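>>> what would the 3D arrangement of this be:
(2 chains)
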Amino acid sequence: MQILVDILSRYGWDFVSGTWLTIQLVTISAILGVLLAIPVALGRLSPNPFVSGIAAAYSLFFRGTPLLVQIFLIYFGLGQFDFVRDSILWPILREAYVCALIAFVLNTAAYSGEIVRSGILAVPRGEIEAAHACGMSAVTTYRMVILPRAFSICLPAYSNEVIILLKGTSLASTITLMELMGVSRLAASATYEPIQVFAIAGVIYYLLTLVITRIFRLLENRYNRYILHAR
Amino acid sequence: MTTNGNGNAAVALEVNEIHKTFGTHEVLKGISLTAHDHDVVAILGSSGSGKSTFLRCINLLETPTSGEVRVKGEQIRMTIRRGEPAPADMKQVDRIRSKLAMVFQQFNLWQHMTILDNVVAGQVHVLGRDKHEATAKAEEMLKKVGVSDKVGHYPSQLSGGQQQRVAIARALAMDPEVMLFDEPTSALDPELVNEVLKVMRGLAEEGRTMLVVTHEMGFAREAANRLMFLHQGLVEDEGDPREVMKNPNSERFRQFLTGSLK
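Predicted coordinates:
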């Protein structure tokens, strides 16, 4: 118990800043990821074989390779290309923070794209026909009926993806980012008390998961009222 | 053989020689129909006769293999795309669809919208009415079909009969030239059928132009001024409902009537 107090008094603020960085990574990746997931899903569903082919290749690559490999490819790999190093974006792209975000966004968008796609396919055919029958254009039908319906159908599955994303952010520590896992590794090697340190990290990850679950419950209560009422 | 109850009124809808083939199965073998303003056309037929497909070809929920559809004189332009018939201009189709409101067997209300929003959405996003005007119109239409106490509810909270009346209000709010009803009472419990039929009778009496695919013989006889009997993708019998139901011209329709009246 004394050890725990010692660790917290010495590394407490590191845990706070690490947790904050983890929260940033998850929040930004989840929001950008879900925005990117919509075009990915629409691409997968496109009748144009060229478009659906590109979307399928993207989705397969990011779901088919380990997240760690993707992080390394982006962090160590981008700098290998002269045109990247010469571009005006290089000062941004060489940042570990940015590389980690790119990897997380691209990775979660591939998985979320599949969730959104299944949501779109689950929208009842009749409701789409009703939109067409009253004269809504394809775009309006997507905006008013298909996407809002798919969104609420997807919500429960999407909370799972965000929880997995939270755990995935721990890999950012491998490219020097001092998020929750990064500070824990530092504290563990400095104190030689890995069990206590990683137990603290585990509890914080667990609490963050509870928060995510809670947020999704609120979202479901708001956006799935129409389903909840039916029960 | 075409008899029109409203020979003097303007033509609202003209359908010419519609054919529809699914794979190798020809469901519609050339069906024509002219509906004048205020006509109420009951379309009867046993299941598989093509009556729902015919209705769905009119607003292009199914693309006819051949044939033409004119709404208020405007023909829906068709073309051939990748060897298949297809509408030439989706904008034109969307505009014409807004004049052909449809009521479905399964209601097809948008589950994620409240009752009010269901009736407002098309007015705002298709007709471009402002939200205020659309809401007033929606409330008026919901009152007309008798569900004005449910505006803030979701469709899943309503009975089938109430949902179908909302679907009718949603259709009415678009101020359609012609209303298409696709077996509007077939999915309802028997005791809910009448509340929907009552609303539809009211619409017929106020002079709405309606095409009604139905199994309700009473409605066909009393509310419709024309009857069309489809059998195996062809018009087998046609005429004034009372006359043709009393004295069918075709043997097949006679059998159908005997079967239905059992």
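
>>> centre-most residue in chain A?
Centre of chain A computed as the mean C-alpha position; nearest residue by Cα atoms, centre = their mean is A:A30, 3.8 Å away.

>>> against B:H125, how distant is whatever residue of chain A ends up closest to chain B?
The minimum distance from chain A to chain B, using Cβ to the nearest Cβ, falls at A:G135 (3.1 Å). Bear in mind the C-beta positions are built from the backbone N, C-alpha and C, glycine included. Between A:G135 and B:H125 the computed distance is 9 Å (Cβ to Cβ, to the nearest Å).

>>> neighbour-wise, which of the two wins?
Just comparing A:G135 and B:H125: by other Cβ atoms under 10 Å in any protein chain shown the higher neighbour count belongs to A:G135, 23 against 20.

>>> that older thread, contacting residues for the residue of chain A closest to chain B?
Under the criterion of Cβ atoms under 8 Å, 6 or more residues apart in numbering or on different chains, the contact partners of A:G135 comprise B:D94, B:R95, B:I96, B:R97, B:S98, B:K99, B:G122, B:V126, B:M174.

>>> before we move on, what about A:A30?
Neighbouring residues of A:A30 by Cβ under 8 Å, 6+ apart: A:T108, A:V162, A:L165.

>>> average pLDDT across whichever strand or helix holds it?
The secondary structure element spanning A:A30 is helix A:2-45 (assigned by DSSP states H and E). Average pLDDT, helix A:2-45: 93.

>>> which of the contacts of A:G135 come close to chain A?
B:D94, B:R95, B:I96, B:R97, B:S98, B:K99, B:G122, B:V126, B:M174 (Cβ under 8 Å from any Cβ of the partner chain).

>>> I'd guessed the third one sits against B:V71; true?
It stands for B:I96. Yes - assessed by Cβ atoms under 8 Å, B:I96 is found in contact with B:V71 at 5.1 Å.

>>> which residues of chain A lie near chain B?
If contacts are counted using Cβ under 8 Å from any Cβ, the residues of chain A sitting beside chain B are A:124, A:126-127, A:129-138, A:140, A:144-145, A:148-149, A:152, A:223, A:225-227, A:229-230.

>>> nearest spatial neighbour of the residue nearest the centre of chain B, skipping sequence neighbours?
Here the mean C-alpha position of chain B is nearest to the C-alpha of B:L180 (Cα atoms, centre = their mean), at a distance of 1.4 Å. Distances taken as Cβ to Cβ, 6 or more residues apart in numbering or on different chains put B:M102 closest to B:L180, at 4.5 Å, once the chain neighbours are dropped.

>>> past the helix or strand harbouring the one you found, which element shows up next along the chain?
In the assignment (DSSP H and E), B:M102 maps to strand B:100-103. Helices and strands here follow DSSP H and E; after strand B:100-103, the next one along the chain is helix B:115-125.

>>> quick one: buried residues of whichever strand or helix holds A:I204?
Under the assignment given by DSSP H and E, the secondary-structure element containing A:I204 is helix A:194-223. Burial within helix A:194-223, assessed by neighbour count using 16 or more other Cβ atoms under 10 Å in any protein chain shown, is assigned to A:Q196, A:V197, A:I200, A:A201, A:I204, A:Y205, A:L208, A:I212, A:F216, A:L219, A:E220.

>>> just checking, the first one touches A:I7?
Spelled out, that is A:Q196. Yes - with contacts defined as Cβ under 8 Å, A:Q196 counts as touching A:I7 at a distance of 5.7 Å.

>>> phi, psi for the residue of chain A closest to chain B please.
phi 100, psi 10 (degrees, to the nearest 10).

>>> what's the closest non-adjacent residue to it?
The shortest distance from A:G135 to any residue that is not its chain neighbour, by Cβ to Cβ, 6+ apart, is 3.1 Å, and that residue is B:S98.

>>> any idea how far the residue nearest to B:L180 lies from A:A201?
Distance from B:M102 to A:A201, counting by Cβ to Cβ: 58 Å.

>>> flag every residue of the stretch 1-150 of chain B that's near chain A.
Taking Cβ under 8 Å from any Cβ as the contact definition, the stretch 1-150 of chain B meets chain A at B:59, B:61, B:90-91, B:94-102, B:104, B:106-113, B:121-122, B:125-126.

>>> now, of the residues of chain A next to chain B, which are buried?
Once neighbours are counted (16+ other Cβ under 10 Å), the buried part of those comes down to A:126-127, A:129-137, A:140, A:144-145, A:148-149, A:152, A:226-227.

>>> of the contacts of A:A30 - the most surrounded one?
Once you tally neighbours by other Cβ under 10 Å, A:T108 ends up highest among the contacts of A:A30, having 26 neighbours.

>>> which residue ranges form the helices in chain B?
With DSSP state H as the criterion, chain B has helices at B:51-58, B:90-97, B:115-125, B:131-144, B:160-172, B:190-205, B:217-222, B:241-246, B:251-261.

>>> who wins for proximity to A:E179 among the ones you listed?
Comparing the helices of chain B against A:E179 with Cβ to Cβ, the closest turns out to be helix B:115-125 (42.4 Å).

>>> pull out the buried positions in that closest one.
For helix B:115-125, the buried set under the neighbour-count rule, 16+ other Cβ under 10 Å, comprises B:I115, B:L116, B:D117, B:N118, B:V119, B:V120, B:A121, B:G122, B:Q123, B:V124, B:H125.

>>> and for stretch B:28-40?
B:L28, B:K29, B:I31, B:L33, B:T34, B:A35, B:H36, B:D37, B:H38, B:D39, B:V40.

>>> state the distance from the first one to B:P64.
Here B:L28 is placed at a distance of 7 Å from B:P64 (Cβ to Cβ).

>>> shared neighbours, the two?
Common neighbours of B:L28 and B:P64 are listed as B:I18, B:H19, B:K20, B:C57 (criterion: Cβ under 8 Å, 6+ apart).

>>> good, we can wrap up now.
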